[in-house]
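Engineer: Pasting a predicted model and its sequence here:
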Amino acid sequence: MRNQDTIAAIATGTTNAGISIIRISGENAFSVADSLFVSKRGKKKLAEQKSHTMHYGMIMEKETPVDEALVSVMRAPNTYTAENIVEINCHGGMIVTKKILELVLSSGARLAEPGEFTKRAFLNGRIDLSQAEAVIDLIHASNEQAVKNSVRQLNGNLCRKIKEIRDGVLRDTAFIEAALDDPEHISLDGFTDTLYEHTKENLEEIGTLLTHAENGKIIKEGIRTVILGKPNAGKSTLMNVLVGEERAIVTDIPGTTRDTLEELIQLKGIVLRVIDTAGIRETYDTVEKIGVEKAKAAAEDADFVIYVADASRSLDENDEAVISMIREKKAVVLLNKSDLTMQVTKEELEEKTGKQVFLISAKEEQGMDAFADAVEKMFYQGLIDKKEDVFITNLRHKEALLEAQASLQKVMESLELMMPEDFYSIDLMNAYQALGEIIGEAVDEDLVDTIFREFCMGK
């Protein structure tokens, strides 16, 4: 019954602003709004107005004006929730906004739960579950590529691809079941070859989606990046340049950085979760030693390492320690302080590390463009195809795809072993169910509630 209630919430930020929007959705949205709204001429009823129109007037508490407002009227089913919707656009002070919401609630609506407007869009069939999840991804997107991927998913790109695979799986299952029920009229002769080709194609489609899942994680969460180097190599100066402000303490005293410092930055549209670390060296200072251990642990977990070497000092055992740490990692080397007399050459470091080396001066902010271009090429041209239709960014989707993949691989194994046909249909249906979890056609109510609880209020 709660899904049939008329609900309301503040749809804009809960802070003072130019305007605020109170959204009302449900069967009684118009009558609730009419109990508060008086048009400029005093005769207009919102319930009688055409859909997708806006009306000027006053929000009233009995005979007392509360605020002037523009009120939007949108009729089901052509709305965000597929229900009647009214949106009250008022002045953005939080006192007046909350007052209007209180009046709406006292007139017959109840306060919406987090994500309940989008949940109703899903329950009413306007969007599937993957599109609903794209809404929250779009709200939390931290970079342009994340926005584009969320919009593609919101437009149904993932849904269409999943439905295409599911439809094929269902057709094959239905044919097998029909043949088993009516073998006199429907023959399975030669169908195993057809099923083999169909299943192979479906596994390739799922495999492509899973291959791009790691790229989707990079788009959504950013690249976990660690800056490594010996003390006083210029790591903290580089961090400040990347962030664009003085976040890390910079001094000429080696070992100034004792702990890790994490910042979110954008480089050529790529989000880097950059961690500045303590300089790598042998030390008897207890606090610094803890910092060095944390730096090594961060490097172990990193997706990408930036090794900052000091061009003004010869390589030593501390540099060798860093080089050994990055040998198996995706990494670049920045030969810093290249504006000073150089004791280390680019060629020497390239030979020792096997990585790309860039001459920079973090202090003078020189050489950073070439480094940024290399990072963009390393991830977007190497790992991420910007033209890719859709990337899997949701762990729930990835797990469902893995389950479907495993079931279809069992179908292939059964075909190779020439097992009875009912073995095929069992695994085909398991794959069909797993794929249905992505778009919400095979999920339980508890999972749906959990997903929408992650949304903000009013969305």
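Structural biologist: In hand now; what should we look at? Nothing here was measured: the structure is a model prediction, and the numbers come from that model.
Engineer: now the strands for the stretch 301-450 of the chain?
Structural biologist: Taking DSSP state E, counting those that start in this stretch to define them, one finds strands in the stretch 301-450 of the chain at 304-310, 331-336, 357-359.
Engineer: could these be laid out in a markdown table, adding mean pLDDT?
Structural biologist: A markdown table is the format used below for these (pLDDT from 0 to 100):
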| stretch | mean pLDDT |
| --- | --- |
| strand 304-310 | 88 |
| strand 331-336 | 89 |
| strand 357-359 | 90 |
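Engineer: Let's have the ones you listed in TSV, adding mean neighbour count.
Structural biologist: The C-beta positions use only the backbone N, C-alpha and C, and glycine is treated the same way. Output for the strands of the stretch 301-450 of the chain, formatted as TSV (neighbours: other CB atoms under 10 Å):
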stretch	mean neighbour count
strand 304-310	25
strand 331-336	24
strand 357-359	21
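Engineer: now those strands as CSV including distance to Glu102?
Structural biologist: CSV is the format used below for those (distance: least, CB to CB, whole Å):
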stretch, distance to Glu102
strand 304-310, 50
strand 331-336, 56
strand 357-359, 59
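Engineer: Now Phe117: which helix or strand?
Structural biologist: Assessed by DSSP states H and E, Phe117 sits inside helix 116-123.
Engineer: ok, back up a step: which of the strands of the stretch 301-450 of the chain sits closest to Ser31?
Structural biologist: Minimum separation from Ser31 across the strands of the stretch 301-450 of the chain (CB to CB) falls at strand 304-310, 56.9 Å.
Engineer: Output the contacting helices and strands for the closest one.
Structural biologist: In terms of contacts (3 or more CB pairs under 8 Å, 6 or more residues apart in numbering; DSSP states H and E), strand 304-310 is packed against strand 223-228, helix 235-243, helix 317-326, strand 331-336.
Engineer: Can you give the strand pairings for it, parallel or anti for each?
Structural biologist: Sheet neighbours of strand 304-310, with direction, are listed as strand 223-228 (parallel), strand 331-336 (parallel) (DSSP bridges).
Engineer: Does Arg75 touch Asn84 like I think?
Structural biologist: Yes - the pair Arg75 / Asn84 is scored as a contact, 5.9 Å apart, by CB atoms under 8 Å.
Engineer: which one of the two has more residues nearby?
Structural biologist: Between Arg75 and Asn84, Asn84 has the larger neighbour count (other CB atoms under 10 Å), namely 25 against 17.
Engineer: OK, contacts around that one?
Structural biologist: Shown in contact with Asn84 (CB atoms under 8 Å, 6 or more residues apart in numbering): Ser25, Gly26, Glu27, Asn28, Ala29, Phe30, Met74, Arg75, Ala76.
Engineer: out of the strands of the stretch 301-450 of the chain, nearest to Arg126?
Structural biologist: Of those, nearest to Arg126 by CB to CB is strand 304-310, at 39.8 Å.
Engineer: can you list the strands paired with strand 304-310 in CSV and add distance to Glu204?
Structural biologist: Formatted as CSV, the strands paired with strand 304-310 follow (distance: least, CB to CB, whole Å):
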stretch, distance to Glu204
strand 223-228, 28
strand 331-336, 32
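Engineer: Tell me which of those strands sits nearest to Glu293.
Structural biologist: Of all the strands paired with strand 304-310, strand 223-228 sits nearest to Glu293, with 13.1 Å by CB to CB.
Engineer: sorry, back to before: of the contacts of Asn84, just the buried ones, ChimeraX syntax please.
Structural biologist: This is the ChimeraX syntax for the buried subset of the contacts of Asn84, where burial follows 16 or more other CB atoms under 10 Å:
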select :25,26,28,29,30,74,75,76
